[in-house]
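# Fold the following and give me the result.
(chains A and B)
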There are 2 protein chains.
Amino acid sequence: MKEFSVTILGSSAAIATPERNLTSHLVNHCDRLFLIDCGEGTQFRLRELKVRTRKIKHIFISHLHGDHFYGLIGLISTMHLLRRTDELTIYGPPLLKEIIQLQLEASATTLYYPLNFKETNTLTEEVIYDDGKLTVSSFPLKHRIPTTGFFFKEKEMPKHINKNAADRYGVPIVYYNSLRRGSDFINDDGERVPNHLLTSPSEPSRSYAFCSDTIYDEDIIESIRGCDLLYHESTFGGDMHEAAMEKMHSTNIQAATIALKAQVKKLMLGHFSARYDDLIPLLEEARNTFSETIIAEEGVTFYL
Amino acid sequence: MKEFSVTILGSSAAIATPERNLTSHLVNHCDRLFLIDCGEGTQFRLRELKVRTRKIKHIFISHLHGDHFYGLIGLISTMHLLRRTDELTIYGPPLLKEIIQLQLEASATTLYYPLNFKETNTLTEEVIYDDGKLTVSSFPLKHRIPTTGFFFKEKEMPKHINKNAADRYGVPIVYYNSLRRGSDFINDDGERVPNHLLTSPSEPSRSYAFCSDTIYDEDIIESIRGCDLLYHESTFGGDMHEAAMEKMHSTNIQAATIALKAQVKKLMLGHFSARYDDLIPLLEEARNTFSETIIAEEGVTFYL
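Model (predicted):
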């Protein structure tokens, strides 16, 4: 199966700690790299993990709180200093383009590579990326400022032709594409050969949902339903329900409740407040609600 | 003697390396902390060194290349999240205020503390800070964009009264302040008692000069003459004289030549290109021109 993975570059909320860096996730789909959020220091994490930043062509920024994007301008600059020539596209809320461009102007930098900005719609869900194998959608999250989550979804892949069976039933090669799409075959005698006798199923289409930062919000459920891996912020433990409401963040239990209601396969907790040294109690508490819960561990790659 | 020290938070040019961080120096004068430049990740260096950022009241930014200030907005934000209430003043070139304010607006942040900006004059030298014990001047450096160096100078301190001698010569206490300023004492009989019999010298006034980034420029010599410690950028080794000219940086030999001509007591080299793993050859080469040369080592505190 082709790689589809998420590497955690940072799992801390607002203030980084010695053990936890600011939010950034690196998605690898079939050797195409995508960055989600880019807290200060993200370029150093990428260097530590020996990620070839040249292969990152698309960066998605959820919102303009500093812990999610203050590392972006530094990464953009370093890519320039490394003589990148490949296009880079940044997806994010209004004002992001202005912030980046003002800093490039102040340093009198004309980038060696084309830099594009696509403004995300923070009010309605929309597909913002499609490369034929993968789509990325943004969808609104409820936070103190305009914020979106991102949903990475593989497209349904064509079925595999069973070459021996196709030969046995005398299927001409020109019919293969319609078999891949699921059609039955009708031979010259008018006999119908069911598709399942001629093909084997394609790999299941996998999906990854990124939800940070957000208050507990059941409105997101339809956007993430059934995904293979849901990353949902979990700034606080269950006892800090009030603080989470006030700051428009979520608790671990709220994240688990969303995971349960959205019938996702696995939940990953992250964006932990600096008050928590030990994350195991947060994990165990969440597992009481949704057993398939894991922690976003720094530097770890999770395979879908 | 009261503390006057410089701690190196980063010594790398444009691109950080695993061993070297981006430019930032922490100056401690009599327990008052000053930051000079603030490359990405500076707030993490301060945390590692357990610096109480509350005590930093003044930050000086030399110019708006990213490796010298992309960490500033993150530091400002973290100070806010840590509930700082003390005023903070930022000194830097035009546009810095706009860049910071735009990012604070985008995150809908109203800081808990007063944040002031003072625009540096990148064309002429001027005193920008004076607390009675220390002055800081900015002076123009020649680089690709408007840039200043900074000169930290202790004020001349009053002489110490030799109490025994003053009693012996019958000096009334009301004359002590004029003795401290260097006056002789004339007693009731009209006899002159020379000042040096009544006082001992004050501590020598110390000074620190910060020069990064700059092409080789003898125009700075008068601004830094005789200082105790000169930090001068040394992006390249002596063989890369042409590259240094072209990029408006300096070589180690050029830094040493400035140190020699300005008759400074000690030279510190820094802002090293990522191409250099081993800095010792750069140091040795510079010492052929100016023997009192040292390397800006990460995390090390140098006492004046």
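
# going forward, measure contacts between C-alpha atoms and count neighbours the same way
OK.

# Please tell me how far the residue of the stretch 101-250 of chain A at minimum distance from chain B sits from B:Leu64.
Residue nearest to chain B within the stretch 101-250 of chain A: A:Ser107 (5.0 Å; Cα to the nearest Cα). The gap separating A:Ser107 from B:Leu64 is 5 Å, by Cα to Cα, to the nearest Å.

# coming back round to it: may I have the phi/psi pair for the residue of the stretch 101-250 of chain A closest to chain B?
phi -100, psi 10 (degrees, to the nearest 10).

# excluding its backbone neighbours, what's nearest it?
B:His65 (5.0 Å; Cα to Cα, 6 or more residues apart in numbering or on different chains).

# re the thing from before, for the residue of the stretch 101-250 of chain A closest to chain B, give me its contacts.
B:64-66, B:145 (Cα atoms under 8 Å, 6 or more residues apart in numbering or on different chains).

# And for A:Arg54?
When contacts are counted by Cα under 8 Å, 6+ apart, A:Arg54 touches A:79, A:84, A:86.

# neighbours of A:Ala274, just the number please.
Residues within reach of A:Ala274, counting by other Cα atoms under 10 Å in any protein chain shown, total 17.

# ditto for A:Tyr303
Quick note: A:Tyr303 (other Cα under 10 Å) scores 12 neighbours.

# Do I have it right that it meets A:Ile8?
No. At 11.5 Å, A:Tyr303 does not count as touching A:Ile8 under the criterion of Cα atoms under 8 Å.

# In the stretch 151-300 of chain A, which residue sits nearest chain B?
Closest approach between the stretch 151-300 of chain A and chain B, counting by Cα to the nearest Cα: A:Ala274, at 11.2 Å.

# Can you verify that residue is assigned to a strand?
No. Read with DSSP: H, G, I helix; E, B strand; the rest coil, A:Ala274 is coil and lies in no strand.

# how near is the nearest residue to A:Thr122 once chain neighbours are set aside to A:Cys227?
In space, and not counting its chain neighbours, A:Thr122 is closest to A:Pro140: 5.1 Å by Cα to Cα, 6+ apart. Distance, A:Pro140 to A:Cys227, by Cα to Cα: 17 Å.

# and chain A, which of its residues are near chain B?
A:14-15, A:18, A:40-41, A:48, A:64-67, A:70-71, A:73-74, A:77-78, A:81, A:95, A:99, A:102-103, A:106-108, A:145 (Cα under 8 Å from any Cα of the partner chain).

# Narrow those to those in strands?
Secondary structure from DSSP state E places none of the residues of chain A next to chain B in strands.

# distance between the ends of stretch A:162-172?
13 Å.

# that older thread, got the contact list for the residue of the stretch 151-300 of chain A closest to chain B?
Counted by Cα under 8 Å, 6+ apart, A:Ala274 has contacts A:12-17.

# quick one: furthest residue from the center of chain A?
Most distant residue from the mean C-alpha position of chain A: A:Asp189, 49.7 Å away (Cα atoms, centre = their mean).

# so what's the backbone phi/psi at the residue of the stretch 151-300 of chain A closest to chain B?
Main-chain torsions, A:Ala274, degrees, to the nearest 10: phi -60, psi -10.

# per-domain residue ranges of chain A.
Domain ranges of chain A: A:4-157+A:203-303, A:160-200, per automatic domain parsing.

# Lowest average confidence across these, which one?
Mean pLDDT is lowest for domain A:160-200 among the domains of chain A, at a mean of 92.

# Return the distance of that one from the chain's centre.
Offset of domain A:160-200 from its chain centre (Cα atoms, centre = their mean, to the nearest Å): 36 Å.

# so what's the closest residue to A:Ala259 other than its chain neighbours up against?
Distances taken as Cα to Cα, 6+ apart put A:Leu267 closest to A:Ala259, at 6.3 Å, once the chain neighbours are dropped. For A:Leu267, the contacting residues are A:229-232, A:256, A:259, A:290, A:292-294, by Cα under 8 Å, 6+ apart.

# A:Glu222 belongs to a strand, doesn't it?
No. Assigned with three-state DSSP, A:Glu222 falls outside any strand and is helix.

# Next, the contact list for it, please.
Counted by Cα under 8 Å, 6+ apart, A:Glu222 has contacts A:Ala262.

# B:Leu283 versus that one, what's the distance?
Applying Cα to Cα, one obtains 62 Å for the distance of A:Glu222 from B:Leu283.

# and if you look at A:Leu123?
58 Å.

# re the thing from before, distance check, the residue of the stretch 101-250 of chain A closest to chain B against A:Ile90.
20 Å.

# Next: A:Ser223.
Taken as Cα to Cα, the span from A:Ser223 to A:Ile90 is 22 Å.

# likewise A:Ile258?
A:Ile258 is 28 Å from A:Ile90, by Cα to Cα.

# just to revisit the earlier point, closest one of the contacts of A:Ser107 to A:Ser183?
B:Gly66 (57.2 Å; Cα to Cα).

# wait, which of the domains of chain A is closest to B:Leu197?
Of all the domains of chain A, it is domain A:4-157+A:203-303 that lies closest to B:Leu197, at 56.9 Å by Cα to Cα.

# quick revisit: for the domains of chain A, which one ends up most surrounded?
Mean neighbour count (mean count of other Cα atoms under 10 Å in any protein chain shown) peaks for domain A:4-157+A:203-303 among the domains of chain A, with a mean of 20.

# what's the first-to-last distance across it?
Terminal residues of domain A:4-157+A:203-303 are spaced 6 Å apart (Cα to Cα).

# Run the chain-centre distance for it.
6 Å.

# what's near enough to touch A:Gly66?
Residues in contact with A:Gly66 (Cα under 8 Å, 6+ apart) are A:14, A:39-40, B:74, B:77, B:107.

# sec struct for A:Glu285, please.
Quick answer, by three-state DSSP: A:Glu285 is helix.

# Give the closest residue to it in space, chain neighbours not counted.
A:Glu285 sits nearest to A:Ile253 (Cα to Cα, 6+ apart), 7.0 Å away.
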